[in-house]
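*Asks:* I need the structure of the sequence given here:
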Amino acid sequence: MLENKLFSKIILLLGDVFLMYAALLLALAIRFNDFSFLPGSQTKIFIFNFFPIHLLWILILIIFDFYKNSFFKKNYNLFQNIVIFFLFAGATGTIYFYLQPQLVIAPKTILFLDVLIFSFFLYIWRFLFSQFLRIRDDKEKIVIIGTLSNFSNLLTDSLKEGDYQITAFYDPNFSKKETIFSSFSKYGVISDIFRLKEIIEEEKIKTISFSSEFYKDEKIIREVFLNLPPNLNFISFADFYEDLTKKVSLEAINELWFLENISRVERKINEILKRVFDIFFSLLGFLITLMLFPFMAILIKLDSPGPIFFLQKRVGRNRKLFNLYKYRTMKADSNREKDFWREKDESQITSLGNILRRFYLDELPQFLNILKGDISFVGPRPEWVKLAEIFEKEIPFYSFRYIIRPGLTGWAQLNFPASTSVQEAKEKFQYDLYYIKNRSFFFDLEIIFKTLRLLFK
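*Replies:* Presented below is the predicted three-dimensional model:
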């Protein structure tokens, strides 16, 4: 299955490269009204100068998950994401030529035509490939061995849209038939170990996932696996859950997990790149914020009485407290500190506040927080002190969040709405753990690009 996934990505990549240059040649032909496609010197100049732009476009496609099978199977948002790619691709091409005025070409019309034609080709190419995948139906079959309580956490849309097909759940202590598993598993939940062996052989299962309590079950090893083919792939239930949901199950967290995944030597190069990126772009953002401040201040004051800024004590890296700056988007209320979940009350949001939140303009003052080093562009969202105290008591290992600098945006923010309860905060924390475990400079760039994509939704 891994080979099939890699092969699919290579095919998609090769197709994209071919279509990029096909789109460029077609754009040149339209612009110069010459459809002979002769490889003249001028054509070679365009091909050479568009090469780095096409590399940037491939990077955008990777960041926006265009090479994940589950992504373009969702036809309802394929067109929307193509439009977003068109905007980002056009912006990167424009910036590239603007920063290099010494180039002998300044292809404004050609760049527009190239982006437009390739976006059209990209849509058709992804649509046709998705149809091929539907016909082929090459999801990887997997059997999960564990307790029923663990299974229920997987029953989400991400399971149906992912690259796995769960053939059967095995729980030796299970005796009651549950219809809820019928749409997620061909055989549902079984408790007969010999039936499990038959299913593995009949369905030619290659991957088996274990819950931690079954790692040392000698009966399963003796009765099921000793006589099976040696090419079976065994993965822990925690790793399977993480790969499927892109979050870390709290049931998999303990002190050992912390030592293996978190408490390691910091990757200095990654940290340096992250901080340089933060300083450079937060400085640009802060200058823009200063220029817009007089207009924002007047609008906020005219919209509703109260202060311009909303300041709140948040918990940062190593539990250091700091003031987080935002433009005020809610009605002024002296008792707001007493209501933990006040933001869920939409009646408290001002008219201007709705607009500011829709386009994330209320976050502009936080460029100063980034510049000061209170937060980064990417990281777990810093919580209000009083809420953090509650979460630390109610959510196991919540203090793990404090080992890295919090962020303006983050993996949890992309995958889960603002929490309005302890249970929702617990769910978001699992995404924070996934980010902390897998953090890297390129993962940060992916999160930033996907955050920018929200502006168009």
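
*Asks:* for Glu392, give its distance to Phe400.
*Replies:* For Glu392, the distance to Phe400 (Cβ to Cβ, to the nearest Å) stands at 10 Å. The way it works is simple: take the backbone N, C-alpha and C, and place the C-beta from them, glycine included.

*Asks:* same question for Ser249.
*Replies:* On the measure of Cβ to Cβ, Ser249 and Phe400 end up 14 Å apart.

*Asks:* same question for Leu128.
*Replies:* With the distance defined as Cβ to Cβ, Leu128 ends up 44 Å from Phe400.

*Asks:* which one's more surrounded, those two?
*Replies:* Phe400 (22 against 10; other Cβ atoms under 10 Å).

*Asks:* I figured the more buried one hits Leu259, correct?
*Replies:* No - counting by Cβ atoms under 8 Å, Phe400 stays clear of Leu259, with 11.6 Å between them.

*Asks:* confidence score at the residue lying closest to Lys139 once chain neighbours are set aside?
*Replies:* When the adjacent residues along the chain are set aside, Lys139 lies closest to Gln165, with 4.0 Å between them (Cβ to Cβ, 6 or more residues apart in numbering). Listed pLDDT for Gln165 reads 79.

*Asks:* again, but for Ile448
*Replies:* According to the model, Ile448 carries a pLDDT of 91.

*Asks:* sticking with Ile208, tell me its helix or strand.
*Replies:* strand 207-210 (DSSP states H and E).

*Asks:* that strand pairs with which strands, and in what direction?
*Replies:* strand 140-145 (parallel), strand 233-236 (parallel) (DSSP bridges).

*Asks:* first vs last residue of stretch 256-271, how far apart are they?
*Replies:* 24 Å (Cα to Cα, to the nearest Å).

*Asks:* which residues in the stretch 251-400 of the chain form strands?
*Replies:* Under the criterion DSSP state E, counting those that start in this stretch, strands of the stretch 251-400 of the chain are mapped to 309-315, 321-327, 376-378.

*Asks:* pick the most deeply packed of the ones you listed.
*Replies:* Each of these was given a mean neighbour count from mean count of other Cβ atoms under 10 Å, and the largest, a mean of 25, is that of strand 376-378.

*Asks:* partner strands of that strand, parallel or antiparallel?
*Replies:* Each strand paired with strand 376-378, and its direction, by DSSP bridges: strand 407-409 (parallel).

*Asks:* for the partner strand, what is the distance to the chain centroid?
*Replies:* 13 Å (Cα atoms, centre = their mean, to the nearest Å).

*Asks:* next one: stretch 393-408
*Replies:* Counting by Cα atoms, centre = their mean, stretch 393-408 comes out at 19 Å from the chain centroid.

*Asks:* list the buried ones in that stretch?
*Replies:* Judged by neighbour count (16 or more other Cβ atoms under 10 Å), stretch 393-408 contains these buried residues: Ile395, Phe397, Tyr398, Phe400, Arg401, Tyr402, Ile404, Arg405, Pro406, Gly407, Leu408.

*Asks:* only alpha carbons, please: show it as CSV.
*Replies:* Output in CSV follows, covering the C-alpha atoms of stretch 393-408 (Å, rounded to 0.1, in the frame of the first residue of the first chain):
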residue,chain,number,x,y,z
LYS,A,393,-6.4,20.3,36.6
GLU,A,394,-8.9,18.6,34.2
ILE,A,395,-6.7,17.6,31.2
PRO,A,396,-3.8,15.1,31.8
PHE,A,397,-0.4,16.4,30.8
TYR,A,398,-1.8,19.7,29.7
SER,A,399,1.4,21.4,30.9
PHE,A,400,3.3,19.8,28.0
ARG,A,401,2.1,22.8,25.9
TYR,A,402,4.4,25.1,27.8
ILE,A,403,7.6,23.5,26.5
ILE,A,404,7.4,25.6,23.3
ARG,A,405,6.4,29.1,22.5
PRO,A,406,2.7,29.6,21.8
GLY,A,407,1.5,30.8,18.4
LEU,A,408,-0.7,33.3,16.6
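
*Asks:* got the contact list for that stretch?
*Replies:* In this structure, residues lying in contact with stretch 393-408 by Cβ atoms under 8 Å, 6 or more residues apart in numbering are 250, 253, 258, 262-263, 314-319, 363, 366, 369-370, 373-382, 388, 391-392, 422, 425-426, 429, 432-433, 436, 439.
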